[in-house]
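Visitor: no sequence on this one, just coordinates:
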């Protein structure tokens, strides 16, 4: 035993719906939410791409933990596109994009937000 208290990561209520919707469309998804810390909630594999996704409740899209912010920052440093989504439509829109993007709370941004 490590002596550390075990913390269960909180899963946003909309995550199950997003995962079910995307799987019904043919996406392959790793659910990584229970890892917590810097690891984002999902990795969505679809249309030849793999995109880390942090799921947030509607209206809470920019309410990131310090660990999530650090994970996003480190992924961006190595050229990985990151998605913060509140609904299935956010993910669908992001996968339609051909260029690099950062999708935060229903907005596509040309530049990454300050973290």
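Guide: Structure received. No experiment lies behind these values; they were computed from the predicted model shown. Numbering: from 1, shown residues only.
Visitor: For the rest of this, base every contact and every neighbour count on C-alpha atoms.
Guide: Fine.
Visitor: Might you list the low-confidence residue ranges for the chain?
Guide: Scanning the chain with the threshold set as pLDDT under 70 gives 1-10, 61, 98-115.
Visitor: all helices in it, in order from the N-terminus.
Guide: 15-24, 66-77, 88-96 (DSSP state H).
Visitor: Show me the one of those helices that comes nearest residue 59.
Guide: Of all the helices of the chain, it is helix 88-96 that lies closest to residue 59, at 13.1 Å by Cα to Cα.
Visitor: Give me the buried positions along the closest one.
Guide: Within helix 88-96, the residues scored as buried using 16 or more other Cα atoms under 10 Å are 88, 90, 91, 94, 95.
Visitor: Tell me the bridge partners for the residue nearest to residue 31 when sequence neighbours are not counted.
Guide: Nearest-residue entry for residue 31: residue 42, 4.7 Å, with adjacent residues in sequence omitted and distances by Cα to Cα, 6 or more residues apart in numbering. Under DSSP bridges, the beta-bridge partners of residue 42 are residue 31, residue 53.
Visitor: Kindly reformat the helices of the chain as CSV containing distance to residue 57.
Guide: Converted to CSV, the helices of the chain look like this (distance: least, Cα to Cα, whole Å):
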stretch, distance to residue 57
helix 15-24, 9
helix 66-77, 15
helix 88-96, 12
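Visitor: Can you tell me which residue is spatially central in this structure?
Guide: The centre of the chain sits closest to residue 53, judged by Cα atoms, centre = their mean, with a distance of 1.6 Å.
Visitor: Show me which pair in the buried residues of helix 88-96 is furthest apart.
Guide: Farthest pair in the buried residues of helix 88-96 (Cα to Cα) is 88 and 95. Separation: 10.9 Å.
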